[in-house]
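**Q** Here is a sequence together with a model predicted from it:
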Amino acid sequence: MRPLRFGRGLRLYGMEMARTIVASAGGEAEVERLAALVTVQYERQGRILWGLARRLGANDETAADVVQETHVRLWRTLLDGTHIDDLDAWTFRVAYRLVMDQHRLGRRIRELAERFSEPPTLTISAGIDDAVSLWPAVDRLPERERVTMYLRFRADLSFDQIAEVMGISAAGARTYASRGVERLRVALSPAEGESNA
């Protein structure tokens with residue numbers, strides 16, 4: 001897949017073919033409406049979805065692929081006539097699952113590679129915003145707390161939406177967020193004996 005390009009609109013492979021097929025059946029107006037809906041969702045949430053994928057450990061290219069695949073799936077689902085109540089929760093859930101699938105696949109590949117050669121090395125790149133934000137500290141939280149914090153405070157999803165994305169209850173999402181905030185508070189508070197001077 002090609003790298004994600006923000007701000008240029010949504011260009012999905014196969015969209016023109018789908019338009020032609022649906023238009024030949026007399027649904028051109030519906031195809032245009034769905035294309036506009038997917039495009040708006042992409043432009044509104046694309047960067048935040050990419051950021052979620054990065055926070056979950058995907059590299060830049062994989063994160064871009066996750067965003068594109070999420071919107072391709074959204075396009076196909078809408079073309080199939082499936083009604084989606086909450087596009088934000090739906091797209092974040094799909095992106096979350098795609099990254100988790102990539103991690104599982106990567107783990108299996110690493111296990112096979114370790115049997116036949118030396119283990120691969122992992123490199124992590126930090127974005128410029130990480131140098132002046134709390135996100136590096138959030139990245140050190142346990143996985144569920146980290147994901148909950150990102151979805152709540154970066155993606156601005158409600159606890160009900162987070163519950164749907166992660167497959168947990170809304171109360172569970174609140175608990176993970178509270179634990180994450182408390183861990184950050186402890187980790188970032190000055191040690192005893194240090195002054196704020």
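**A** Perfect, I can see it now.
**Q** Let me see the domain layout of this structure.
**A** With domains defined by automatic domain parsing, the chain comprises 1-120, 126-197.
**Q** can you redo those as JSON lines with mean neighbour count?
**A** (Glycine included, C-beta is placed from N, CA and C.) Output for those, formatted as JSON lines (neighbours: other CB atoms under 10 Å):
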{"stretch": "domain 1-120", "mean neighbour count": "16"}
{"stretch": "domain 126-197", "mean neighbour count": "15"}
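**Q** Name the helix or strand of this protein that has the lowest mean pLDDT.
**A** Of all helical and strand segments in the chain, the minimum by mean pLDDT, DSSP states H and E falls on helix 15-24, at a mean of 51.
**Q** Show me what secondary structure element comes after that one.
**A** Per DSSP states H and E, the first helix or strand lying C-terminal to helix 15-24 is helix 28-55.
**Q** That next one: how far from the chain's middle?
**A** With CA atoms, centre = their mean, to the nearest Å as the basis, helix 28-55 stands 12 Å off its chain's centre.
**Q** helices or strands next to that helix in the packing?
**A** Applying 3 or more CB pairs under 8 Å, 6 or more residues apart in numbering; DSSP states H and E, we find helix 28-55 packed against helix 15-24, helix 60-79, helix 87-116, helix 135-139, helix 143-153.
**Q** mean pLDDT lowest for which of those helices?
**A** If you rank these by mean pLDDT, helix 15-24 sits at the bottom with a mean of 51.
**Q** May I see the helices and strands packed on helix 28-55 arranged in CSV, with distance to residue 163 as well?
**A** Below are the helices and strands packed on helix 28-55 laid out as CSV (distance: least, CB to CB, whole Å):
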stretch, distance to residue 163
helix 15-24, 31
helix 60-79, 19
helix 87-116, 9
helix 135-139, 19
helix 143-153, 10
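**Q** Quick one: closest of these to residue 160.
**A** Minimum separation from residue 160 across the helices and strands packed on helix 28-55 (CB to CB) falls at helix 87-116, 7.9 Å.
**Q** Show me what the closest one packs onto, helices and strands only.
**A** The helices and strands touching helix 87-116, judged by 3+ CB pairs under 8 Å, 6+ apart, are helix 28-55, helix 60-79, helix 159-166.
**Q** Dump those helices to a markdown table, plus distance to residue 109.
**A** Shown next, in a markdown table, are these (distance: least, CB to CB, whole Å):
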| stretch | distance to residue 109 |
| --- | --- |
| helix 28-55 | 18 |
| helix 60-79 | 13 |
| helix 159-166 | 25 |
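**Q** In contact with the nearest residue to residue 98 once chain neighbours are set aside, which residues?
**A** Closest residue to residue 98 apart from its sequence neighbours, by CB to CB, 6 or more residues apart in numbering: residue 66 at 4.8 Å. If you count contacts by CB atoms under 8 Å, 6 or more residues apart in numbering, residue 66 has them with 49-50, 53, 58, 95, 98-99, 102.
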